[in-house]
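Student: Sharing a sequence plus its predicted fold:
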Number of protein chains: 2
Amino acid sequence: MNKPSDALITDEPVEMGQLEDSFGFLVRMTQVRVFEAFFNGVGHFDLKPGEYSVLWIISLNPGVRQGEVARRLSIKPAHMTKLIQRLEARDFLTRQIPDSDRRSVRLTLTAAGQTFVDTHKDAYFTYYEMENCLSAVEMAQLTKLLQKFIGIEKGRS
Amino acid sequence: MNKPSDALITDEPVEMGQLEDSFGFLVRMTQVRVFEAFFNGVGHFDLKPGEYSVLWIISLNPGVRQGEVARRLSIKPAHMTKLIQRLEARDFLTRQIPDSDRRSVRLTLTAAGQTFVDTHKDAYFTYYEMENCLSAVEMAQLTKLLQKFIGIEKGRS
DNA sequence: CGATAATAGTTTACATGGAAACATTTTCCA
DNA sequence: TGGAAAATGTTTCCATGTAAACTATTATCG
């Protein structure tokens, strides 16, 4: 039915120059690949990785402040508001305004939310274990370097 | 004027669990950091990295087809159209429809476009050389691993 | 040849995400 | 105290980017 070789082989090679050494470019391309892998894997679930990660954080930190979640995930407050509204509309979490500080919002998973987190844990944590050009050792190296780059220190060997 | 320590220190630590080992999460966080570094560096220029990379590719491949540029940069066709329209409106490039295939669009830089590429080359290629937690050797390792991940093979040792 | 399929790019209609301004509440001091 | 400043979310508006449908052109092959 399809002849991908014909479609993918480019008659006109494109010179990229030192763009191929640009860290910013490489990170963006990596992001694209990971995103594609997601849609080929758990994409049929209706929560995107960012939304799942919010549920994940709340699951580990019941009653956490909304702003704290946003800060740790580098999600902007304005975006976080909409995201939380969606998750609340799906009955995955509840918002509670504590008397101790009535500006803030504290988040807790509903039973349905916790069930979703538990049920799809493997899917959301392994979709990036796609076929790629790296060995398991190299992936571990890469993961460790990225952790260090963004300032996560993992003491383990 | 500012007391960043007060603002940044979090009274409520947030547990991330194995999210810190998730490759997808790490890539996204890295992307955010690189983006921040861009805005603290060349952000005052009015072309974003993606737009500059388009000019860069055209500079290295005069007369390249628009779709080829899009494919190599993983930019979707619909987005590419708007992007090219903006760059054309700024008089950075010209679109030409060849008689050999009047469906396609071939792109060439104007003198102003070439000047922009030349003038800001260092800025756009080094903004990610920001202060981070990695040594030069580690950055080189990371770069090489990312290249391999996305399928760029650089033969050099 | 000529109908059908494939290709290239554009348009439209929408989803995503962010900046700035805002409302509310709390903190900080003078 | 009480008024200014800061903190927390939300709202509004806008920029970015995508999918699907569409136009125009070229290729396919019966």
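Tutor: Happy to help now that I have it.
Student: Now residue A:110: closest residue in space, sequence neighbours ignored.
Tutor: residue A:91 (5.6 Å; C-beta to C-beta, 6 or more residues apart in numbering or on different chains). Backbone N, C-alpha and C define where each C-beta goes, glycine included.
Student: mind checking how far the one you found is from chain B?
Tutor: According to C-beta to the nearest C-beta, to the nearest Å, residue A:91 stands 23 Å off from chain B.
Student: ditto for residue A:141
Tutor: Taken as C-beta to the nearest C-beta, the span from residue A:141 to chain B is 6 Å.
Student: quick one on the thing from earlier: might one say that the residue nearest to residue A:110 is in contact with residue A:109?
Tutor: No: in this structure residue A:91 lies outside contact range of residue A:109 using C-beta atoms under 8 Å: 10.2 Å.
Student: Tell me which of the two has more neighbours.
Tutor: residue A:109 (19 against 11; other C-beta atoms under 10 Å in any protein chain shown).
Student: Which parts of chain A are strands?
Tutor: For chain A, strands defined by DSSP state E occupy the ranges A:64-65, A:93-96, A:106-109.
Student: Check what contacts the second one and list those residues.
Tutor: In other words, strand A:93-96. A:55, A:58, A:63, A:66, A:84, A:87-88, A:105-110, A:113 (C-beta atoms under 8 Å, 6 or more residues apart in numbering or on different chains).
Student: and DNA strand D, which of the residues you listed contact it?
Tutor: A:66, A:84, A:105 (C-beta under 7 Å from any atom of the strand).
Student: ok, the first one touching residue A:107?
Tutor: Yes: using C-beta under 8 Å, residue A:66 is in contact with residue A:107, at 5.8 Å.
Student: where do the contact lists of these two overlap?
Tutor: A:84, A:95.
Student: List the contacts of the residue nearest the centre of chain A.
Tutor: Geometric centre of chain A, nearest residue: residue A:49, 4.0 Å, by C-alpha atoms, centre = their mean. By C-beta under 8 Å, 6+ apart, the contact set of residue A:49 is A:38, A:124, A:127, B:24, B:25, B:28.
Student: ok, the helix ranked longest in chain A near DNA strand C or not?
Tutor: Counting by DSSP state H, the longest helix found in chain A is helix A:23-40. No: Helix A:23-40 does not reach DNA strand C (C-beta under 7 Å from any atom of the strand); its nearest approach is 9.9 Å.
Student: What about the contacts of strand A:93-96, which are in helices?
Tutor: A:55, A:58, A:66, A:84, A:87, A:88, A:113.
Student: Cross-check the contact I'm expecting between the fourth one and residue A:66.
Tutor: It stands for residue A:84. Yes: Residue A:84 is within contact range of residue A:66, at 6.1 Å (criterion: C-beta under 8 Å).
Student: between the two, what contacts are shared?
Tutor: A:95, A:105, A:107.
Student: Using JSON lines, lay out the residues you listed together with neighbour count.
Tutor: Below are the shared contacts of residue A:84 and residue A:66 laid out as JSON lines (neighbours: other C-beta atoms under 10 Å in any protein chain shown):
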{"residue": "A:95", "neighbour count": "13"}
{"residue": "A:105", "neighbour count": "18"}
{"residue": "A:107", "neighbour count": "24"}
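Student: Show me which residues of chain A sit near DNA strand C.
Tutor: Checking chain A against DNA strand C by C-beta under 7 Å from any atom of the strand, the hits are A:6-7, A:48, A:50, A:75-79, A:82-83, A:99-103.
Student: Quick check: the residue of chain A nearest DNA strand C.
Tutor: At 3.1 Å from DNA strand C, residue A:78 is the closest residue in chain A, using C-beta to the nearest atom of the strand.
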